[in-house]
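Peer 1: Sharing a model that was predicted from the sequence below.
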Amino acid sequence: MSAAPALSPRDHAAAPVERALHRLRALPGGRRRLGTTAFGLTMGGLLVVGLLLVLLLNTVLAQGAFAIHTLEQQATVLKIQQQQLAQEVAALDTPDALRQRAENLGMVRVNTPVFLRLKDGKVLGHATTVPGTRAALPTVTRASPAPSSAASSSTSGSTSATKAAASKAAPVQAKPTAGDAAVPAPEGAEVVAAGGGSSGAVSDQAKPVTSGSGQ
Amino acid sequence: MLMVMTLIVMSLLGARLVELQAVTADGTATLAESQRMRTSVDLAQRGRILDANGAVLATSVIARNITVDQTLVKDAAAEAEALAPILGADPLELERKLAGTKRFAYVARGVTPAVWEQVSALALPGILSESTTKRVYPSGSLAANVVGFVGRDGRGLGGLEYGQQDLLAGKNGEMTYEVAGGGRRIPTGQEEGINAIAGSDVTLTIDRDIQFEAQSAIAERVREAQADGGTVVVMDSRTGRILALASAPTFDPNSPGSSDPADRNNRALTEAFEPGSTAKIMTMAAVLERHVATPTTRLTVPPTIKVSDKLFHDAEDHPTEKLTLTGVLAKSSNIGTILVAQKLTPVVLYSYLKRFGIGERTGMGFPGEARGFLPVPSSWSGTSLPTIAFGQGLSVTSVQAASVFATIANDGVRVTPSLIASTTDPDGTVRPSAAPATRRVISPSTASQLRTMMEAVVSEGGTAAGVRIPGYRVAGKTATAQRYEPSCKCYKGYVASFIGMAPADAPQLVVAVSLINPRNGHFGGAEAGPVFKDVMSFALQAQRIPPTGTRSPVTKLTW
């Protein structure tokens, strides 16, 4: 035991390697050589497969190019269509066209702005009636005085118009109502423009102005 | 024998191969490349022009130019005959375009894709097309004098189309790529180039509804009064934003060529005229600021007054009147104005006019804007001070005049007027315009006093009682100015105007109306007043400005 510390690490490591070498044996048989023909066939096969893959790739790419071309053409056609329609909408949307249609519906311009404040129902401004004639509204077609349907109640001033239709009268000429010129306001607005509104507009804020009691 | 033949043929083929591959290789390769390389211009989409609420005032659409290779045309007359009904053109004129020896000429520009489809279906020899874009203005003449128009090449030639050309145009790109037989791009081929950069959208401060109202009101009035023209300016006095800028007569930017060039100008910005009595408000501002007089100061106004060697009259003859300063403004007395103005020095009056922005461009950056004219005090003669005090001998544009009233409406702080609210980059980034420059011109108390004085103008006994809007407090001033005609260097005709604000006790809107050379009548209140009333009452509704519910103070005009 006294000699053990004198051993170098090298000597210490050499012993197991030698032991391992003694255990090695040569195996029978030699390297198997691939025949020339087989090698050629393998290589040829690889080449064919490679070429086929390239061909496939190109075909797919070409197909993609065709698809892109077709889709681009479609996109152009649709873009042209969209622009055409946008122009038609724009033509209908101009202030000029809107005024024309409003007038055709019998709406009248208000020169004295009047506002209805939803908070306290106060009418701001000088309320007056606006002169004008009522046009026949396209929504009022039924002859029976049925309870106001959603369609007819959505049109301002339609109550009296419905009555007019019920009694088979011509479009009301006299007594233009406040509803003729009511300006719709967005929901929740503190102040509602209600041009030409009569006092009826104050007591009945939630509904469109329908009273026929213009001064 | 066969052997020899084969040898010869093979040699020839070999020689050709050597020639192609070695001798002329470069040339052949270049030729092949040039046949499959295509270069096309990538057209930049021009930015749109929008109103304050995003309604489109100007946009660009896909279109085609129809072109001709005249050497391929076999029968020009027959082809012209076939094209004429589709293009809506004169066959003879078309024939002239088709006949000749040019390889390239335009037949029609900017036709719709649908029209080109019809033309292309005819398969006429020599008729070709190129893609382009066309500028369209869906609302026609609406705000045309602000938006402007473009030339045949799509470049802006007038208005903001011209002024904002660089921003709107973007930058065309150019793509070079390889194509196969049918014109399809070769997917693995080489490709290079620069993509087009689209232009930016420009959003205006204009509200198209108010603009339409202003335009139709002034156009009708110009017709009725047989005037040479007219302008309307609607301005938000707190922000300086111009809500409407109308000029009559106007034009259709979709076919600018068919209009009088003068009608394509924005008269409210490019034409300066002597303001007349609306300028008295600036004299009154100086008088009040310098404590020369107060609104209730009593003045004895004689029928005429002689300054230097000139005898001044009022618009209507009158005996000696006892008017307050408010009465002088309400009745638009020239002589009363001269009486108080004479207590100011030329330099003081000049400095106030200058601070109100007279004689300098408004700072809106509109192309072709006039500066107006304000002579420097050193050049003033003995009669300059009294003349300038009631608004002759200096010139302003309609927008400058509106800005003066907007300053008074805004408690004495001038806000530079603006027309462009923001621009939008092609990627959607919105860039709001820089905040406009502001400067204090007069004190808030002076501004408030002036507004009360101007309320008297529309009261009974004032010059414009007809412009009152029931329920609202309106303040304003009429003017009937003699018009200086540069061609004869003389005074010829009138400019009738009315500029006012509402609500008078908390102003939000200023409307300025001018009528150039009205033929039947020339008083500002009667001529321009009705337009003011129409436009102001509409704008109050459109901007949802309710009345303040207060009453106008009763002011004494006489004593």
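Peer 2: Nice, I can see it. Numbers count the residues shown, from 1 in each chain, chains lettered A, B, ... in the order given.

Peer 1: Run through the neighbouring helices and strands of the helix or strand where B:V4 lies.
Peer 2: Element membership of B:V4, judged by DSSP states H and E, is helix B:2-18. Counting contacts by 3 or more Cβ pairs under 8 Å, 6 or more residues apart in numbering or on different chains; DSSP states H and E, helix B:2-18 packs against no other helix or strand. For glycine as for every other residue, the C-beta is placed from the backbone atoms N, C-alpha and C.

Peer 1: Next, the angle helix B:2-18 makes with the following helix or strand past that helix.
Peer 2: For helix B:2-18, the succeeding helix or strand toward the C-terminus, using DSSP H and E, is helix B:25-36. Interaxial angle of helix B:25-36 relative to helix B:2-18 (axes from the mean of the first three to the mean of the last three Cα atoms, to 10 degrees): 70 degrees.

Peer 1: Convert helix B:25-36 to PDB, retaining C-alpha atoms only.
Peer 2: Extracted C-alpha coordinates of helix B:25-36, given in PDB (Å, rounded to 0.1, in the frame of the first residue of the first chain):
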ATOM      1  CA  ALA B  25     -23.200  34.200 -79.100                       C
ATOM      2  CA  ASP B  26     -23.500  37.500 -77.300                       C
ATOM      3  CA  GLY B  27     -25.800  39.000 -79.900                       C
ATOM      4  CA  THR B  28     -28.100  36.000 -80.000                       C
ATOM      5  CA  ALA B  29     -28.400  35.800 -76.300                       C
ATOM      6  CA  THR B  30     -29.200  39.500 -76.100                       C
ATOM      7  CA  LEU B  31     -31.800  39.200 -78.800                       C
ATOM      8  CA  ALA B  32     -33.400  36.300 -77.000                       C
ATOM      9  CA  GLU B  33     -33.500  38.100 -73.700                       C
ATOM     10  CA  SER B  34     -35.000  41.200 -75.300                       C
ATOM     11  CA  GLN B  35     -37.700  39.100 -76.700                       C
ATOM     12  CA  ARG B  36     -38.700  37.700 -73.400                       C
END
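
Peer 1: Rounded mean pLDDT for it, please.
Peer 2: Mean pLDDT, helix B:25-36: 83.

Peer 1: in it, what counts as buried?
Peer 2: Neighbour counts over helix B:25-36 (16 or more other Cβ atoms under 10 Å in any protein chain shown) mark no residue as buried.

Peer 1: which helices and strands does the next helix or strand after that helix pack with?
Peer 2: Per DSSP H and E, the first helix or strand lying C-terminal to helix B:25-36 is strand B:37-42. Other helices and strands packing on strand B:37-42, by 3+ Cβ pairs under 8 Å, 6+ apart, are strand B:173-178, strand B:191-194.

Peer 1: who does the last one pair up with?
Peer 2: Read it as strand B:191-194. When pairing is defined by DSSP bridges, strand B:191-194 lines up against strand B:173-178 (antiparallel).

Peer 1: tilt between the partner strand and strand B:37-42?
Peer 2: Angle of strand B:173-178 versus strand B:37-42, following the same axes, to 10 degrees, is 160 degrees.

Peer 1: Can you list the buried residues in strand B:173-178?
Peer 2: Under the neighbour-count criterion of 16+ other Cβ under 10 Å, strand B:173-178 has B:175, B:177-178 buried.

Peer 1: that older thread, pull the distance from the helix holding B:V4 to the chain's centre.
Peer 2: Relative to the centre of its chain, helix B:2-18 is centred 79 Å away, using Cα atoms, centre = their mean, to the nearest Å.

Peer 1: Just the CA atoms of that helix, as CSV, please.
Peer 2: C-alpha atoms of helix B:2-18 as CSV (Å, rounded to 0.1, in the frame of the first residue of the first chain):
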residue,chain,number,x,y,z
LEU,B,2,-24.0,8.7,-98.4
MET,B,3,-21.1,9.0,-96.1
VAL,B,4,-19.8,12.1,-97.9
MET,B,5,-23.3,13.7,-97.8
THR,B,6,-23.7,13.0,-94.1
LEU,B,7,-20.3,14.5,-93.5
ILE,B,8,-21.1,17.7,-95.4
VAL,B,9,-24.4,18.1,-93.6
MET,B,10,-22.9,17.5,-90.3
SER,B,11,-20.1,19.9,-91.0
LEU,B,12,-22.6,22.6,-92.0
LEU,B,13,-24.6,22.0,-88.8
GLY,B,14,-21.4,22.0,-86.8
ALA,B,15,-20.3,25.2,-88.4
ARG,B,16,-23.7,26.8,-87.6
LEU,B,17,-23.4,25.6,-84.1
VAL,B,18,-20.0,27.1,-83.7
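
Peer 1: okay, the helices and strands packed on strand B:37-42 in a markdown table with distance to B:A341 next?
Peer 2: Shown next, in a markdown table, are those (distance: least, Cβ to Cβ, whole Å):
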| stretch | distance to B:A341 |
| --- | --- |
| strand B:173-178 | 62 |
| strand B:191-194 | 64 |
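
Peer 1: Let me have these in JSON lines, extended by distance to B:W116 and mean pLDDT.
Peer 2: Output for the helices and strands packed on strand B:37-42, formatted as JSON lines (distance: least, Cβ to Cβ, whole Å; pLDDT from 0 to 100):
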{"stretch": "strand B:173-178", "distance to B:W116": "22", "mean pLDDT": "85"}
{"stretch": "strand B:191-194", "distance to B:W116": "25", "mean pLDDT": "82"}
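
Peer 1: Nearest to B:P367, out of those strands?
Peer 2: Counting by Cβ to Cβ, B:P367 lies closest to strand B:173-178 out of the helices and strands packed on strand B:37-42; the figure is 27.6 Å.

Peer 1: Now do the closest one: everything it contacts.
Peer 2: Under the criterion Cβ atoms under 8 Å, 6 or more residues apart in numbering or on different chains, residues B:36-42, B:44, B:185-186, B:189-197 lie in contact with strand B:173-178.

Peer 1: next one: stretch B:103-116
Peer 2: The contact list for stretch B:103-116 (Cβ under 8 Å, 6+ apart) reads A:80, A:84, B:62-71, B:83, B:86-87, B:89, B:94, B:97-98, B:119, B:127, B:129, B:132, B:134, B:152.

Peer 1: Now for the chain, the helix or strand with the poorest mean pLDDT.
Peer 2: No chain was given, so I picked chain A. When the helices and strands of chain A are compared on mean pLDDT, DSSP states H and E, helix A:200-203 comes out lowest with a mean of 34.

Peer 1: actually it's chain B I care about, not the one you picked
Peer 2: Sorting the helices and strands of chain B by mean pLDDT, DSSP H and E puts helix B:524-527 at the bottom, at a mean of 79.
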